[in-house]
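> got a sequence here, can you model it:
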Amino acid sequence: MEFEPEALQTRMKHFKEQLRRAGVKATHQRLEIFREVAKSGDHPDAEGIYKGVHKRVPTLSLDTVYRTLWSLLDLGLITTLGATRRRVRFDANMSSHHHFICAKCGMTRDFYSKKFDTLEIPAAVKALGIVEKTQVEVRGLCISCSKEDNSKSNVSHIKEGK
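Numbers count the residues shown, from 1 in each chain. Predicted structure coming up:
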């Protein structure tokens, strides 16, 4: 899932502006790494970003991608999604939004919910510290994986004579 060219242009313009404000040079590699994150709604991991950028910048190393991503995270220009056992995913969408994550295939998509945006923070969480941002991660099976699971379930019922 890729963004419309206008949306990507807006993100790139904002990115360059924020780099300038932070006094960080907008190098070709930084721009290409951010572009790879910003153009995707799939929240790619570092290896996926590396593969995409490496096609355009063959001299790029995986180490540079990781260092750049962590630097952009520190600058507040991207965010990460909850660490999974497999990999950390990166997101250039800094607006208030939430995520649906397929527990089987890992497909990750943004969604927007005013109800989730206004969830009351429980006292138990407030006791832990000051909440700066909330983001809901909804986990389940995507349509594709749930169809696959249902078809396997139907086959096993047929084999068992149910």
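> give me the below-cutoff pLDDT ranges for this structure.
Within the chain, the stretches with pLDDT under 70 are 1-3, 82-86, 152-162.
> what are the ranges of the strands in it?
79-81, 89-91, 98-102, 108-111, 137-140 (DSSP state E).
> packed most tightly, which of those strands would that be?
Highest mean neighbour count among the strands of the chain (mean count of other C-beta atoms under 10 Å): strand 89-91, with a mean of 24. Any C-beta I mention is one placed from the backbone N, CA and C, and that applies to glycine too.
> which of the strands of the chain sits closest to residue 26?
strand 89-91 (18.2 Å; C-beta to C-beta).
> distance of the residue nearest the centre of the chain relative to residue 107?
For the chain, the residue sitting closest to the mean C-alpha position, by C-alpha atoms, centre = their mean, is residue 43 at 2.8 Å. According to C-beta to C-beta, to the nearest Å, residue 43 stands 10 Å off from residue 107.
> same deal with residue 14?
The value you get for residue 14 to residue 107, if C-beta to C-beta is used, is 26 Å.
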